[in-house]
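Novice: Please work out how this folds:
(one chain, ligands or ions: 1)
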Amino acid sequence: MSVSIILGTRPQIIKSAPVYAALRRRGVECEIVNTGQHYDYVMNRQFFSELELPDPAADLNVGAGTPSQQVSAIIAGLGVLFDRASPKIAIVPGDTNSALAAGIACVKSGVPVAHLESGCRSGDFRMAEEVNRRLLDHMSHVLLCPTSRCVANVRREHVLADSVANVGDTMYDSLLKLRPRIMASDPASKLGLSHEDYVFMTLHRAETVDDPVALRRVMGAVGSLPLPVAFSVHPRTKARFEEFGIPPHPNVKLLEPLPYIEALGMVSGSRLVITDSGGLQKEAFWLGRPSLIARETTEWGEIVRAGGAILVGTDPKRIKRGYATSQKVDKARFRSATRIFGAGNASEKVVDAIEDYLRKSVRD
Ligand code: UD1
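Specialist: Take a look at the predicted model:
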């Protein structure tokens, strides 16, 4: 076996699927290892089938647990796999606990790591993801950056990788591939919502949803917006609603976690997206929808600067002001800025970088 892609959560599946397809097109032997950090069907295996990934060659099934339990189980599980057969290189996407654990396991077994979506930074160390991505960059051999600013970030930190490449964003490749199906889907009408006449929302970050004051404030603010809000509720958020006794608001329609095409169909039909997700900020931007980011920082400052997103945190006044501002944005301006994330051929460039690395490591 020559290349392993190690993933375990929804966003990692979206980032990896076009890379797997590009590797196979070039005849590179490749297999998927699923950590199972996300274990509900709709959070994990449904994404495999929508994004046309084959069944994983190995499934570690780590399931629910504290972050330390998950990270240690993944390290131990990958160690056993690598003892049996080591890949020539492992591609590790994103910044999740699965990504950090995969990086550590690879380093301990002498497997070189290619970090996909390297170099993005929010500067907020309260985010588990910020710590994960920084550590992972510093243990990786190949840094696959989605934008030129990400390249500048790793250069500034003097990361000692063998190669650094601005490849573009593979989530954009996934979106372009499935765009016809996304545009043809109309999940909003099944919910009785009219085109461009609702807000689509997701919230799942620990910093937002584990804080009862912040979660209540956001729900109060979005409940009083002039448009109905369709809220796709992550399992973590659902548990917090129950724990904190936050009642549903009549203006907010609560939805189960959505599959990929439906979620992006909801984005594309919306007037505005409100989210604390890194990936959805980008997807809204690519689909020409403005977003309000319910955080104080973002790893995608490129989108804020292009006018595609506004940082509003969890303050009701800023959410209402952000809503008003977002209704006046020049969508044509940010639509033309999507090239910041490449031309939709990031996966081909990823494979170029991987093949280059493998060629050089054979010569050395
Ligand atoms: C993880 C990533 C985050 C990413 C998000 C995408 C980390 C640190 N965070 O956050 O960067 O944006 O995935 O969704 O890795 N749960 C279920 N069913 C599932 C998955 C999770 O019920 O299929 C529950 C878990 O038991 C846990 C909670 O949801 O109580 C949070 O799950 P976890 O995997 O820890 O992190 P996410 O919040 O999903």
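Novice: what sits against Pro259?
Specialist: When contacts are counted by C-beta atoms under 8 Å, 6 or more residues apart in numbering, Pro259 touches Val42, Gln46, Phe47, Glu50. From N, CA and C alone the C-beta is placed, and that goes for glycine too.
Novice: Neighbour count, distance to the ligand and pLDDT for those - can I get that in JSON lines?
Specialist: Written out in JSON lines, the entries for the contacts of Pro259 read as follows (neighbours: other C-beta atoms under 10 Å; distance: C-beta to the nearest ligand atom, whole Å; pLDDT from 0 to 100):
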{"residue": "Val42", "neighbour count": "15", "distance to the ligand": "8", "pLDDT": "91"}
{"residue": "Gln46", "neighbour count": "17", "distance to the ligand": "10", "pLDDT": "95"}
{"residue": "Phe47", "neighbour count": "23", "distance to the ligand": "10", "pLDDT": "96"}
{"residue": "Glu50", "neighbour count": "18", "distance to the ligand": "15", "pLDDT": "96"}
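Novice: Out of the residues you listed, flag the one nearest to Glu29.
Specialist: Using C-beta to C-beta, Phe47 comes nearest to Glu29 of the contacts of Pro259, at 23.0 Å.
Novice: So what's the gap between the host helix or strand of that closest one and the chain middle?
Specialist: Assigned by DSSP states H and E, Phe47 belongs to helix 45-50. Its chain's C-alpha centre lies 15 Å from the corresponding centre of helix 45-50 when counted by C-alpha atoms, centre = their mean, to the nearest Å.
Novice: what's in contact with that helix?
Specialist: Residues external to helix 45-50 that are found in contact with it (C-beta under 8 Å, 6+ apart): Arg10, Ile13, Ile14, Leu53, Pro54, Asp55, Pro56, Leu178, Pro259, Tyr260, Ile261.
Novice: Test my guess that the second one contacts Val19.
Specialist: No: Ile13 sits out of contact with Val19 when judged by C-beta atoms under 8 Å, with a separation of 11.0 Å.
Novice: Pull the number of nearby residues for the residue in the stretch 151-300 of the chain that the ligand sits nearest to.
Specialist: With C-beta to the nearest ligand atom, the shortest gap between the stretch 151-300 of the chain and the ligand falls at Pro235, namely 3.2 Å. By the criterion of other C-beta atoms under 10 Å, Pro235 has 16 neighbours.
Novice: Same question for Glu302.
Specialist: For Glu302, the neighbour count with other C-beta under 10 Å is 22.
Novice: what pLDDT, on average, does whichever strand or helix holds it get?
Specialist: Element membership for Glu302 (DSSP H and E) is helix 301-305. Helix 301-305 comes out with an average pLDDT of 93.
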